[in-house]
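A.B. asks: Provided below for reference: sequence and predicted model.
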Amino acid sequence: MKPLRRAVRAFPVLVAALLVAGASVSCSSSSNKSSSTGSGDLDTIAKERGLTPEDMKHALQQFVPPGKHDDYVMFASGGHAGQVLAIGMPSMRILKEIAVFTPEPWQGFGYGADWGDKALKDGNPAIPAGTDLTWGDTHHPALSETNGDYDGRWLYINDRANGRVGFVDLKDFRTKQIVAVPNIQTSHGGMFITPNSDYVHVSSAFPEPWPPGSYADVKDYKEKFRGASAWLKIDPATGRMDLSQSFEIELPPYNQDLADAGKLVSDGWGFIGSFNTEMATGGNMEGGKSLEAGASLNNFDYLHAINWKKAAEVAKAAGKTEEMNGIKVIRLKTAIDEGLIYMIPEPKSPHGADVDPSGRYIVVGGKLDPHVTIFDFNKIQAAIGKKDYEGTDPFGIPILKFESVLAAQVEVGAGPLHTQFDGMGHGYTSMFLASAVAKFTLGDDVVKTGEKPFTLVDTIKVNYNIGHLAITEGDTEHPEPKYLVALNKWSIDRFLTVGPLHPQNFQLIDLKGGNGPMELIADMPIGMAEPHYTQIIKADKLKALDVYPADTDSITMAPSKDAIKFGDEKVVRNGSEVEIWMTAQRSHFTPDIIRVKQGDHVKLHITNIEQTKDATHGFAIADYNIQASLEPGEVTNFDFVADKPGSYDFYCTEFCSALHLEMAGWLLVEPAASAVAAPGG
Ligand code: K7E
Ligand code: CUA
């Protein structure tokens, strides 16, 4: 991927040269032929590089000079690479790949250091037992919020493949916790956070047999399979999810899909789209239809409206829940009786379900319908109040009447999926089939530009086949009408060919403050799996550490009991257990020889005693699959059995100083008496 990234970066470098030349970027080709300075130089450069004035303008819109910082940070899921990318905007420079579900050696995540190993191990599901997962499919990031706005503290992301949720502490951009959500085998788009970070929500993608972990044939789908909506309580001090304070609501065996939290007027509610209310199960070689066909028969599926504030009360009440696999579950009948769940018909294979910044409108994209369907929360409330139902679904859940809760439908184009908002009263919908983004107005109570309500106002082509889209501060009560990123599934011809597996393409679109037409200004190849969704936060809201305070244990973010000062390093042997307190600083480890016997249990604590920013060391042991990143101020713990006899080099994996190559040592594992072998024998 390096040549590609370089090609993308070369462009801004050109513009830097333009700015240094002090020229305006009017760049008309007829002007200034006589002068060797000013716009003449720009013309020459543009000509040599084949750039149009439009290209040069776009470069300026995106350019962040060397040494200057970006205005926003985009957190993009890394798809089935299992990671999250932090990307500066508008430059689109990758700042960090954050390891979440997949071991990642640069950060030392999952290669022997305790913090990552613990998160990965604790994240293994209890059912089925014995699962040891080493990958995930990150889909939908959710940034923590205070009063409906991103607060820059924490990030949560779901694992599509294995129904888990990862927690990233934005103090150090490390994954601190992975929760295998009980009773949820797979999760898709049901990820959101409530406006004050009370709960992070995730729902199941495909239902599984209940009780979870049991076997059932899909022939018994309707009777035996169930979905779940999980409300994972967030500890307000640490950001960690606490299953003991969490609850789930049993759902019918539909495919629960994208979801969003209510806000302001709809605060306390959550909305989950669904498809396959047909309850098709595939079986195309058993005389049935494939799922694709079977799940697309109905004209309407159901948007689930869930009163989570009330559900949280019900979950606390005695006798209203069942404990299932370590979490309280509100069974579906109780949820219906208590008025926690309602269904709203949503047309034609719905996908996105997005709540606008005012909380009043819920916008649904129907993959097989050229309209976005916009529901009005006020009407939903009124209909529930009057019990104005068209009936119930096969499980007894009341269904509201489509017409009585509809605000409007706006025809946008082919294949509408997801919608974001600019805070000026516009929605922006991605259209997979049309490869375009449509901009339309919401109700006149929120339109700030004097435009006609519920009207398509602009469309822009993207390249190609957009899935999600994200606007700066997009999922908050106060989106900023600055940039929109189109997350395109296909790139086809946009980049140099790197083999048949093509990168995905992020495209940066200038929103012009919500006024005027959208303008495409840059492409960015994503050379790592498929980023499904992103959230974009103002950079100054992030308050990450640039160095750990001395002796920090990154799991607790408190001083480590295993920290050691320079000069106090020690090795303590207790039977077959050897405990070592080591320091790291430029350019040596102390001690630099570790002597153990084959089979010894080794506990190693390394304190990086530096307090200089960026003075990171690494620690790797040959043939032991151990690699850690030792950040300045950090104490890193290892726990392993020296089961392989021999003399092993360990070394610092970060180029930390002029004598970095000398920052090394030996792990001497003396063979057990019975295991001494001749060389090569
Ligand atoms: Cu629409 Cu997985 Cu969010 Cu992709 S999902 S598009
Ligand atoms: Cu320490 Cu290289």
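C.D. replies: Looks like it came in fine. Numbering: from 1, shown residues only. Ligands and ions are numbered 1, 2, ... in the order given.

A.B. asks: ok, now which ones touch the nearest residue to Ala295 once chain neighbours are set aside?
C.D. replies: In space, and not counting its chain neighbours, Ala295 is closest to Asn276: 3.8 Å by Cβ to Cβ, 6 or more residues apart in numbering. For glycine as for every other residue, the C-beta is placed from the backbone atoms N, C-alpha and C. Going by Cβ atoms under 8 Å, 6 or more residues apart in numbering, Asn276 touches Tyr254, Asn255, Leu291, Gly294, Ala295, Asp301.

A.B. asks: helices along the stretch 101-250 of the chain, start to end?
C.D. replies: Here the stretch 101-250 of the chain has its helices, by DSSP state H, counting those that start in this stretch, at 114-122, 221-224.

A.B. asks: same deal with the chain?
C.D. replies: 2-20, 39-49, 53-62, 114-122, 221-224, 291-294, 308-316, 332-337, 377-385, 402-405 (DSSP state H).

A.B. asks: between those helices, which one is nearest to Ser629?
C.D. replies: helix 114-122 (9.7 Å; Cβ to Cβ).

A.B. asks: show me what the closest one is packed against.
C.D. replies: Packing partners of helix 114-122 (3 or more Cβ pairs under 8 Å, 6 or more residues apart in numbering; DSSP states H and E): strand 174-180, strand 635-641.

A.B. asks: show residues contacting it.
C.D. replies: 99, 101, 103, 107-110, 133-134, 166, 174-179, 554-555, 636-639.

A.B. asks: could you tell me the angle between that helix and strand 174-180?
C.D. replies: Here helix 114-122 runs at an angle of 10 degrees relative to strand 174-180 (axes from the mean of the first three to the mean of the last three Cα atoms, to 10 degrees).

A.B. asks: in CSV, could you pull the C-alpha coordinates for helix 114-122?
C.D. replies: The C-alpha coordinates for helix 114-122 follow below in CSV (Å, rounded to 0.1, in the frame of the first residue of the first chain):
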residue,chain,number,x,y,z
ASP,A,114,-0.9,-8.3,29.9
TRP,A,115,-3.3,-5.4,28.9
GLY,A,116,-4.0,-6.7,25.5
ASP,A,117,-3.9,-10.4,26.4
LYS,A,118,-6.4,-9.8,29.1
ALA,A,119,-8.8,-7.9,26.9
LEU,A,120,-8.7,-10.6,24.2
LYS,A,121,-9.1,-13.4,26.7
ASP,A,122,-11.9,-11.8,28.7
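
A.B. asks: for it, buried residues please.
C.D. replies: Neighbour-count burial for helix 114-122, counted by 16 or more other Cβ atoms under 10 Å, picks out Asp114, Trp115, Gly116, Asp117, Ala119, Leu120.

A.B. asks: for the closest residue to ligand 1 within the chain, give its distance to Glu579.
C.D. replies: Using Cβ to the nearest ligand atom, the closest approach of the chain to ligand 1 is made by Gly467 at 2.9 Å. Using Cβ to Cβ, to the nearest Å, Gly467 is found at 50 Å from Glu579.

A.B. asks: between the two, which is the more surrounded one?
C.D. replies: Gly467 (20 against 16; other Cβ atoms under 10 Å).

A.B. asks: surely the more buried one is in contact with Asn488?
C.D. replies: Yes. Using Cβ atoms under 8 Å, Gly467 makes contact with Asn488 at a distance of 7.3 Å.

A.B. asks: stretch 602-610 and ligand 2 in contact?
C.D. replies: No. For a cut-off given as Cβ under 6 Å from any ligand atom, stretch 602-610 has no contacts with ligand 2; the smallest distance is 8.8 Å.

A.B. asks: same question for that stretch, mean pLDDT?
C.D. replies: For stretch 602-610, mean pLDDT is 98.

A.B. asks: please apply the same query to stretch 489-502.
C.D. replies: 97.

A.B. asks: gap between the two ends of it?
C.D. replies: Taking Cα to Cα, to the nearest Å, stretch 489-502 runs 10 Å from one end to the other.

A.B. asks: with stretch 536-552 instead?
C.D. replies: Terminal-residue distance, stretch 536-552 (Cα to Cα): 29 Å.

A.B. asks: one more: stretch 145-164?
C.D. replies: First-to-last residue span, stretch 145-164, Cα to Cα: 21 Å.

A.B. asks: now do the buried residues in that stretch.
C.D. replies: 145, 148-164.

A.B. asks: quick one on the thing from earlier: possible to save the helices of the stretch 101-250 of the chain as TSV with distance to ligand 1 and mean pLDDT?
C.D. replies: As requested, the helices of the stretch 101-250 of the chain are exported to TSV (distance: least, Cβ to the nearest ligand atom, whole Å; pLDDT from 0 to 100):
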stretch	distance to ligand 1	mean pLDDT
helix 114-122	23	98
helix 221-224	23	98
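
A.B. asks: can you redo the ones you listed as a markdown table with distance to Leu442?
C.D. replies: Output for the helices of the stretch 101-250 of the chain, formatted as a markdown table (distance: least, Cβ to Cβ, whole Å):
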| stretch | distance to Leu442 |
| --- | --- |
| helix 114-122 | 40 |
| helix 221-224 | 37 |
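
A.B. asks: looking at these, which is nearest to ligand 2?
C.D. replies: Among these, helix 114-122 sits nearest to ligand 2 (Cβ to the nearest ligand atom), with 19.3 Å.

A.B. asks: centre of the chain to that closest one, how far?
C.D. replies: 19 Å (Cα atoms, centre = their mean, to the nearest Å).

A.B. asks: please apply the same query to stretch 535-550.
C.D. replies: 17 Å.

A.B. asks: same deal with stretch 150-166?
C.D. replies: 6 Å.

A.B. asks: could you give the mean pLDDT of that stretch?
C.D. replies: For stretch 150-166, the per-residue pLDDT averages 98.

A.B. asks: can you give me the end-to-end span of that stretch?
C.D. replies: 18 Å.

A.B. asks: now do the contacts for the closest residue in space to Glu477 that isn't next to it in sequence.
C.D. replies: Using Cβ to Cβ, 6+ apart and skipping the chain neighbours, the partner closest in space to Glu477 is Gly148 (3.6 Å). The contact partners of Gly148, taken as Cβ under 8 Å, 6+ apart, are Pro195, Asn196, Lys263, Leu264, Asp267, Thr476, Glu477, His478.

A.B. asks: closest to Leu340 out of these?
C.D. replies: Asp267 (15.6 Å).

A.B. asks: measure the closest residue to that closest one other than its chain neighbours to Thr590 for me?
C.D. replies: Excluding the flanking residues, the one nearest Asp267 by Cβ to Cβ, 6+ apart is Pro195, at 5.9 Å. Counting by Cβ to Cβ, the gap from Pro195 to Thr590 is 50 Å.

A.B. asks: same question for Val437.
C.D. replies: 57 Å.

A.B. asks: repeat for Pro632
C.D. replies: Distance from Pro632 to Thr590, by Cβ to Cβ: 16 Å.

A.B. asks: just the buried positions in stretch 634-645, please.
C.D. replies: Glu634, Val635, Thr636, Asn637, Phe638, Ala642, Pro645.

A.B. asks: next up, the contacts around the first one.
C.D. replies: The contact partners of Glu634, by Cβ under 8 Å, 6+ apart, come to Tyr548, Thr552, Asp553, Ser554, Thr607, Asn608.

A.B. asks: thought the third one was touching Gly633?
C.D. replies: Read it as Asp553. No. Using Cβ under 8 Å as the test, Asp553 is too far from Gly633 to be in contact (10.5 Å).

A.B. asks: give me the beta-bridge partners of Ile362?
C.D. replies: Ile362 has these beta-bridge partners by DSSP bridges: Val355, Phe375.

A.B. asks: give me the pLDDT for it.
C.D. replies: 98.

A.B. asks: near ligand 1, which residues of the stretch 51-200 of the chain are found?
C.D. replies: His139, His140, His188, Gly189.

A.B. asks: could you do the stretch 251-400 of the chain as well?
C.D. replies: Going by Cβ under 6 Å from any ligand atom, the residues of the stretch 251-400 of the chain near ligand 1 are Leu258, His351.

A.B. asks: contact partners for Val364?
C.D. replies: Here Val364 is in contact with Gly273, Leu303, Glu346, Pro347, Pro350, Gly352, Ala353, Asp354, Val372, Thr373, Ile374, Phe375 (Cβ under 8 Å, 6+ apart).
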